[in-house]
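[1] All I have is the shape, not the residue letters:
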């Protein structure tokens, strides 16, 4: 598209920078396409990975909280009171190794593992009863 | 002398005509481009906005081929990409700053965090200010949302209007972007244990997701080498 | 004389921009590699 002759160059581009501008334009287009694809597939992919539609969105939220604070009794309050305290304020159950560089110790969540965690928990509770 | 004086009004009419046609063609393309950009900036509706944006590009290319004076293609891509980049960055961080207790944020953002960046999962919503509790994260958000992303958005709009101040301020705000990348990645590396322990896709996940936000690095060489004369006061 | 000056300026500018690109992408690559190294030795 950009030939060597000056009058074919886009406005603002001088010959020394023609090649640079051509490649920048291609790079910009690649970034744009990637951002669009990422943006579109982020939410569906996350929801699928974390157990939707088997788990409802509120259940996914609750299960994530149980993992985050290593506490099976935590639930996601929905709707959250508008000027309520921070959801995790004052929690004491989270597993961490503290120090100048803290290390979390929550469990890893694989593909649709939240469903497995929930089922295991329900089975445990049923056995306990 | 008299003949040229007689022909001048016709010449200037033809010029004005050409300018008016060019302005209209650019505006027509910009309507599609801006609609597409706004829709793409919502993150989730990206694939709906993309065809709208492409239609705008096609209209602009057609106008250019027809000999009309439209904005250079690189300027168009750059300006709109900076807007999208600012919008997407702002949406995530604004959610974290002010909408941290909404269901969608508590589910989607923390899920994203659990998948690629533990900073958005670890002790989330435990600080009184809510949102991410990772070391340094809130400071980056408070500093960058108003100072960088809003300013970059405004500069990009001025740049798309081919204004001199738009060009200048886009240079400034893109250099801010260099500071962001240098500092933010350093912070993640220093507190890497918080960010990556027991995350689904440590390191690789975050880099693959976020590398496409390097628009400022592509913008800087262009902004410093474009002929400044094409931007007016 | 003026043309030579602007050509020199162009050359200098191109070189400066290239140095900038090499530095910034080099920095990002360096930190990425550091993080990968950490991934390989730590229990993530």
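    All right, it came through fine. All values derive from a computational prediction rather than experimental measurement. Residues are numbered from 1 along each chain as shown, chains lettered A, B, ... in the order given.

[2] what does chain A have sitting close to chain C?
    When proximity is defined as C-beta under 8 Å from any C-beta of the partner chain, chain A approaches chain C at A:14, A:16-17, A:20. All C-beta spots, glycine's among them, are computed from the backbone N, C-alpha and C.

[3] Let's see which of the residues you listed end up in helices.
    Among the residues of chain A next to chain C, the members falling in helices (DSSP state H) are residue A:20.

[4] Any of the residues of chain A next to chain C buried? List them.
    A:17, A:20 (16 or more other C-beta atoms under 10 Å in any protein chain shown).

[5] okay if I get the residues of chain A next to chain C as TSV plus pLDDT?
    As requested, the residues of chain A next to chain C are exported to TSV (pLDDT from 0 to 100):
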residue	pLDDT
A:14	89
A:16	87
A:17	90
A:20	90
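
[6] out of the residues of chain A next to chain C, which are inside strands?
    Among the residues of chain A next to chain C, no member falls in strands (DSSP state E).

[7] Would you check which of the residues of chain A next to chain C are in contact with chain B?
    A:14, A:16-17, A:20.

[8] which one of the residues of chain A next to chain C is nearest chain C?
    Using C-beta to the nearest C-beta, residue A:16 comes nearest to chain C of the residues of chain A next to chain C, at 4.9 Å.

[9] Might one say that the closest one is in contact with residue C:14?
    Yes. Shown here, residue A:16 and residue C:14 form a contact pair, counting by C-beta atoms under 8 Å, at 6.9 Å.

[10] Which residues are in contact with each of those two?
    Counting by C-beta atoms under 8 Å, 6 or more residues apart in numbering or on different chains, the shared contacts of residue A:16 and residue C:14 are residue B:225.

[11] circling back to that earlier point, and of the residues of chain A next to chain C, the nearest to residue C:43?
    residue A:20 (44.6 Å; C-beta to C-beta).

[12] ok so, going back, so which two of the residues of chain A next to chain C are the farthest from each other?
    The widest separation within these (C-beta to C-beta) is 10.4 Å, between A:14 and A:20.

[13] Which residues does stretch B:130-144 contact?
    A:86-87, B:89, B:93, B:96-97, B:100-101, B:113, B:118-120, B:122-127, B:129, B:180, B:183-184, B:187, B:190-191, B:194-195.

[14] same question for that stretch, mean pLDDT?
    For stretch B:130-144, mean pLDDT rounds to 94.

[15] and what of stretch C:31-44?
    95.

[16] hang on, the earlier thing: just the ones in strands from the contacts of stretch B:130-144, please.
    Going by DSSP E, the strands hold none of those.

[17] The lengthiest helix in chain B - what's its average pLDDT?
    If you go by DSSP H, chain B has its longest helix at helix B:2-40. Averaged over helix B:2-40, pLDDT sits at 85.

[18] tell me what whichever helix or strand comes after it is packed against?
    Downstream of helix B:2-40, the next assigned helix or strand under DSSP states H and E is helix B:46-65. Using 3 or more C-beta pairs under 8 Å, 6 or more residues apart in numbering or on different chains; DSSP states H and E as the contact test, the elements touching helix B:46-65 are helix A:18-49, helix B:2-40, helix B:73-98.

[19] let's see it at 6 Å
    helix A:18-49, helix B:2-40 (3 or more C-beta pairs under 6 Å, 6 or more residues apart in numbering or on different chains; DSSP states H and E).

[20] Sort out which residues of the last one are buried, please.
    By neighbour count with 16+ other C-beta under 10 Å, helix B:2-40 contains the buried residues B:22, B:25-26, B:29-30, B:32-34, B:36-40.

[21] and the angle for it with helix B:46-65?
    170 degrees (axes from the mean of the first three to the mean of the last three C-alpha atoms, to 10 degrees).

[22] which other helices and strands contact helix B:2-40?
    helix B:46-65, helix B:73-98.

[23] Looking at the residue most central in space within chain A now. What's its pLDDT?
    The structure's chain A has its C-alpha centroid closest to residue A:46; by C-alpha atoms, centre = their mean the separation is 6.5 Å. Note for residue A:46: predicted pLDDT of 95.

[24] Could you list every helix and strand that the helix or strand where residue C:33 lies packs against?
    Using DSSP H and E, residue C:33 falls within helix C:2-41. Packing partners of helix C:2-41 (3+ C-beta pairs under 6 Å, 6+ apart): helix B:164-190.

[25] and the helix it packs on, anywhere near chain A?
    No. Using C-beta under 6 Å from any C-beta of the partner chain, helix B:164-190 never reaches chain A; the gap is at least 7.4 Å.

[26] Let me have the ones next to chain B among the residues of chain A next to chain C in JSON lines, extended by distance to residue B:48.
    Output for these, formatted as JSON lines (distance: C-beta to C-beta, whole Å):
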{"residue": "A:14", "distance to residue B:48": "38"}
{"residue": "A:16", "distance to residue B:48": "40"}
{"residue": "A:17", "distance to residue B:48": "35"}
{"residue": "A:20", "distance to residue B:48": "33"}
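
[27] need the contact list for the residue in chain C that chain A sits nearest to.
    Going by C-beta to the nearest C-beta, chain A is nearest to residue C:10 of chain C, at 4.9 Å. Residues in contact with residue C:10, defined by C-beta atoms under 6 Å, 6 or more residues apart in numbering or on different chains, are residue A:16.

[28] Residue B:155 too?
    B:166, B:169-170, B:173.

[29] quick one: which of these has the most company?
    residue B:170 (27 neighbours; other C-beta atoms under 10 Å in any protein chain shown).

[30] Could you report the separation of it from chain C?
    16 Å (C-beta to the nearest C-beta, to the nearest Å).

[31] Just give the number of residues close to the residue nearest to residue A:13 when sequence neighbours are not counted.
    Leaving aside its chain neighbours, residue A:13 sits nearest to residue A:21 (4.8 Å; criterion: C-beta to C-beta, 6 or more residues apart in numbering or on different chains). Residue A:21 sits with 22 neighbouring residues when counted by other C-beta under 10 Å.

[32] per-residue confidence for residue A:21?
    92.

[33] Am I right that it is in contact with residue A:15?
    No. Residue A:21 is beyond contact range of residue A:15, at 10.5 Å (criterion: C-beta atoms under 6 Å).
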